[in-house]
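1. Any chance you could fold what I've pasted below:
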Amino acid sequence: MTDLERVAAAHWRGTEEEWLGDWLLRAAGGFTGRANSALPLGDPGLPLDEALAVVTRWYRERGLPPMIAVPVPLDDDASRELDEQLTRRSWPTRPGPAFFMVADLPLAIPASEIAGGREVVVSPEPDDAWAARYHYRGQDHLPPVARQVLTSAREQAFVSIREGDAVLAIARLSIADGWAGLTAVEVHPGHRRQGFGVVVTAAACLLAGQRGVQRVFLQVEVDNAPAQAMYQRLGFRYSHRYHYRVAPSA
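-> Residues are numbered from 1 along each chain as shown. I've put the predicted structure just below:
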């Protein structure tokens, strides 16, 4: 679990990062929880209360809510200790917990069926049409820092399924530390429930395989059962889950 979280941190990075022992502090102007939270990957090198004070100060100096991304196992065991300690210290849980899912490549879908005759566009940077289709948490317009976060991995590609001028579905593929990562998967509202989520996911994973990667991960919100079912059909399995803890009000 910790190793996978360490890998994922290289795929979606803050524009500013700093280590506190084995805790990675990340900030990116508030765009996405992943890029604006501390990731505990081991011992912070300080007693917990002192570490939390450092985290709190670091984020408040940047005008951001102090937040910790807490990975937890799917079953109950001792690795929930940090989560329990934060509960005792009144750090509330932010809504929107997510599952971390992984799969081996290639996926169980024939390459000949992936695009269905539609155009698959791949670019090393998000063009305007791709960016216009991406609505992080329903935002109509992405902040300027979003492009920095989207292009923060060692290698990434922006995949879209298009029909004429229409962008039917998008996904971001990142590659780092021997893994592929899938983020920013979105389907045009007028084309949902028509299989385009499968199409763009499979197209991105096919590209990852062509680049020599054999493992892929993604995150999906716990309450998004349709997406989870789709990913399971493609061969993804659950690894663990995570949520965010936010510091109490000052």
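2. Can you give the domain ranges for the chain?
-> The record's domain parsing of the chain by automatic domain parsing lists 2-98+242-246, 103-240.
3. where do the helices sit along this protein?
-> 2-9, 48-60, 81-88, 128-133, 145-150, 196-210, 225-233 (DSSP state H).
4. which residues touch Leu20?
-> For Leu20, the contacting residues are Ala38, Pro44, Gly45, Leu46, Ala51, Val54, Val55, Trp58, by C-beta atoms under 8 Å, 6 or more residues apart in numbering. The way it works is simple: take the backbone N, C-alpha and C, and place the C-beta from them, glycine included.
5. still on that earlier bit, take the domains of the chain and write them to a markdown table, including mean pLDDT.
-> Below are the domains of the chain laid out as a markdown table (pLDDT from 0 to 100):
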| stretch | mean pLDDT |
| --- | --- |
| domain 2-98+242-246 | 95 |
| domain 103-240 | 91 |
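6. rewinding a little: buried ones from the contacts of Leu20, can you make that a PyMOL selection?
-> PyMOL command restricting the contacts of Leu20 to the buried ones, with burial defined by 16 or more other C-beta atoms under 10 Å:
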select buried, resi 38+44+51+54+55+58
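7. Just the CA trace of stretch 131-144, in PDB.
-> The C-alpha trace of stretch 131-144 is given here as PDB (Å, rounded to 0.1, in the frame of the first residue of the first chain):
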ATOM      1  CA  ALA A 131      -8.800  20.700 -21.600                       C
ATOM      2  CA  ALA A 132     -12.300  21.900 -22.400                       C
ATOM      3  CA  ARG A 133     -13.600  18.400 -21.800                       C
ATOM      4  CA  TYR A 134     -11.900  18.100 -18.400                       C
ATOM      5  CA  HIS A 135     -14.100  19.300 -15.500                       C
ATOM      6  CA  TYR A 136     -12.300  18.500 -12.200                       C
ATOM      7  CA  ARG A 137     -15.100  18.200  -9.600                       C
ATOM      8  CA  GLY A 138     -17.500  20.000 -12.000                       C
ATOM      9  CA  GLN A 139     -15.300  23.100 -12.500                       C
ATOM     10  CA  ASP A 140     -16.100  24.800 -15.800                       C
ATOM     11  CA  HIS A 141     -12.700  26.400 -16.100                       C
ATOM     12  CA  LEU A 142      -9.400  25.000 -14.900                       C
ATOM     13  CA  PRO A 143      -7.100  27.300 -13.000                       C
ATOM     14  CA  PRO A 144      -3.700  28.100 -14.700                       C
END
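8. close enough to count as contact, Asp22 and Leu41?
-> Yes: when contacts are counted by C-beta atoms under 8 Å, Asp22 is listed as touching Leu41 (4.8 Å).
9. the more surrounded of these two?
-> Taking other C-beta atoms under 10 Å, Asp22 and Leu41 do not tie; Leu41 has more neighbours (17 against 14).
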